[in-house]
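**Student:** structure of the sequence below:
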Amino acid sequence: MSRVLAEQEGKQGKGSLAAIIVAAGYSFRMKRFKPLLPLSGSTVLEQAVHSFLDGGIKDIRVVVGHRSNELLPILRRLGVQIILNANFPEGMFSSVSAGVKSLPPEVRGFFLLPVDNPIVSSHTLEALANKFSSNEFGIIYPSYQGMRGHPPLISRNYVNRVLDWDKPGGMRSLLEEHEYDAADVDVIDPGILLDMDTLEDYHKMLKYCGDIQLPSEEECYELIRNANTPLKVIDHCKQVAQLSYTIGNSLIRLGCPMNLDLIRTAALLHDLAKGEPHHAQAGARMLLNYPEVANIVAEHMDICLNPDQPLSEKEIVYLADKLVIEDRIISLQDRFAVPLEQHKNDQMVISNIKRRFNDAEKIQTRIEEIIKIPLHDLWKTNLEG
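**Tutor:** Presented below is the predicted three-dimensional model:
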C-alpha cells in the first residue's frame, strides 16, 4: 500500500478516501466499448481499478450502466463496490451522482475518474492525498506540464452540492463554479492527460503503455474493402496469413518470442495496396495507425536481414508471402522459377529477384534449423492434413 495513504488511514481511520470510477456510458465517439478494450494485458476497466488498488485505495466504487452485464463478473472478481445507474442514458453526470450518493459518512474525500482515463500512477495519488490533508482546499487537481488531468480529489463537502446540482454542464460546470476552492499539484505523470474519446486517443494510450495496437479481423476486412483490394489478392493474403500463423506457432512452441496476432494481421494486410506503384510502401501508409503492422507490410517485398538478430514477425511474413503463389503453397524454387525465366534478359530485374530468393532461402533455413523438419512437412501436416 502507498506509504502516504497508509499513514492517512492510520490517522483518519480506514477508508478515509474513496475512488469513484464512472464506466456507464455508451462510448459513442469511440464506437467501441471503452471499458472492455484491451490494455496492458487486461482491459481498460481493470487498469483503472488497479491504478487505485496500487495506490492503496481500498474503497473503490465503479458506476455501471450500458452493457453492465459484461462488466459485473470482472468487477466482482476485483472485489470493488458496484453501483448500478439505471439513469445512465441521461449522461455522465447521472453516473457521478449515483457514485457520490453511495459514499458512506466516513469518507472524507473521493477521487473521480472516468473509465477512459485509466492510467494514473500511485505517486500521483499520494501527491493528491498529501495536498488534500495539508491544506484547506476542497478540490485538488493533478497537473502535468501546466495542464490539469484526472482524477481530481474532491472533499465530501461537495456530496450534497453534487446531488442538488441542476445547472447545465454537469460536473465540469460545478467544479468550474467552485474554482476558488481548487488547488493544483504538479506531478510527473503524463498518464493523467491520456483519455480515450477517439480511436486515435486509444492508440496513443496503447503506445504510452507499450502495447501493440492491432486492428480486429473485422477492421482488417474494412481496410481491405476501402482499398479496393482485388478478390484474387485477398485469397492470396488469407493463405499467406494461414501459413505465417502455422510457422509462427511452431517457432513459439520451441521458445522463439513471437506475436502471433501481429503475424496473422500483417500477413492478411501485406498486399492491401496491390496494384498501386510500390504497393508495399503504399500499403504501409494506409496503416499508419498500426505502426508495427505497417513496418512488416513495408518490408514484405524487400527485407533488411540481420543474421545476428533473432527471427521476428517480419521474416515470417516475408517468407510465407514467397511460398504462396495466388492461393497455393509451393516451394521457393517453384515460386521463383517463373519470374526468373520471364525476366531472363533484364539483368536488373533478375538481380532483384535473386536477392529476394536468397533472402527467403536464408529465412527458411534458419526456421528449419529451429523446428528440425522441412517447412514442406510442416505445412503438409498442419494445412493439408
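
**Student:** alpha carbons only for contacts and neighbour counts from here, please
**Tutor:** Noted.

**Student:** list the contacts of residue 299.
**Tutor:** 280, 314, 318 (C-alpha atoms under 8 Å, 6 or more residues apart in numbering).

**Student:** quick one: which of these is nearest residue 78?
**Tutor:** Nearest to residue 78 among the contacts of residue 299: residue 314, at 37.9 Å, using C-alpha to C-alpha.

**Student:** which element is the closest residue in space to the closest one that isn't next to it in sequence on?
**Tutor:** Once flanking residues are discounted, residue 314 sits nearest to residue 296: 5.0 Å by C-alpha to C-alpha, 6 or more residues apart in numbering. Assigned by DSSP states H and E, residue 296 falls within helix 291-298.

**Student:** could you pull up the mean pLDDT of the next helix or strand after that helix?
**Tutor:** Per DSSP H and E, helix 291-298 leads on to helix 313-322 as the next helix or strand towards the C-terminus. Helix 313-322 carries an average pLDDT of 95.

**Student:** same question, stretch 244-264
**Tutor:** Stretch 244-264 comes out at a mean pLDDT of 87.

**Student:** how does the chain divide into domains?
**Tutor:** Using automatic domain parsing, the domain parsing of the chain gives 3-209, 217-383.

**Student:** can I get the contacts of residue 299 in CSV with neighbour count and distance to residue 161?
**Tutor:** Formatted as CSV, those follow (neighbours: other C-alpha atoms under 10 Å; distance: C-alpha to C-alpha, whole Å):
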residue, neighbour count, distance to residue 161
280, 23, 59
314, 25, 57
318, 25, 62
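
**Student:** could you look up the SS state of the residue lying farthest from the centre of the chain?
**Tutor:** Most distant residue from the mean C-alpha position of the chain: residue 345, 49.5 Å away (C-alpha atoms, centre = their mean). With DSSP: H, G, I helix; E, B strand; the rest coil as the basis, residue 345 sits in coil.

**Student:** residue contacts, it?
**Tutor:** So residue 345 contacts nothing (C-alpha under 8 Å, 6+ apart).

**Student:** per-residue pLDDT, it?
**Tutor:** 90.

**Student:** again with residue 380
**Tutor:** 78.

**Student:** which one among the contacts of residue 299 gets closest to residue 255?
**Tutor:** Closest to residue 255, out of all of the contacts of residue 299 and judged by C-alpha to C-alpha, is residue 314, at 17.4 Å.

**Student:** so the closest one makes contact with residue 300?
**Tutor:** Yes. Using C-alpha atoms under 8 Å, residue 314 makes contact with residue 300 at a distance of 7.3 Å.

**Student:** quick one on the thing from earlier: just checking, what packs against the helix holding residue 296?
**Tutor:** helix 260-269, helix 279-285, helix 313-322 (3 or more C-alpha pairs under 8 Å, 6 or more residues apart in numbering; DSSP states H and E).

**Student:** for residue 111, which of the ones you listed is the nearest?
**Tutor:** Using C-alpha to C-alpha, those put helix 260-269 closest to residue 111, at 36.6 Å.

**Student:** output the contacting helices and strands for the closest one.
**Tutor:** Partner elements for helix 260-269 (3+ C-alpha pairs under 8 Å, 6+ apart): helix 217-226, helix 231-253, helix 291-298, helix 313-322.

**Student:** distance of residue 146 from residue 105?
**Tutor:** Relative to residue 105, residue 146 is positioned 34 Å away (C-alpha to C-alpha, to the nearest Å).

**Student:** ok, the two, which is more surrounded?
**Tutor:** Between residue 146 and residue 105, counted using other C-alpha atoms under 10 Å, residue 146 has the larger neighbour count: 11 against 8.

**Student:** tell me which residues touch that one, please.
**Tutor:** Residue 146 touches residue 186, counting by C-alpha under 8 Å, 6+ apart.

**Student:** returning to that earlier point: looking at the contacts of residue 299, which is nearest residue 169?
**Tutor:** When the contacts of residue 299 are compared against residue 169 (criterion: C-alpha to C-alpha), the nearest one is residue 280, at 48.2 Å.
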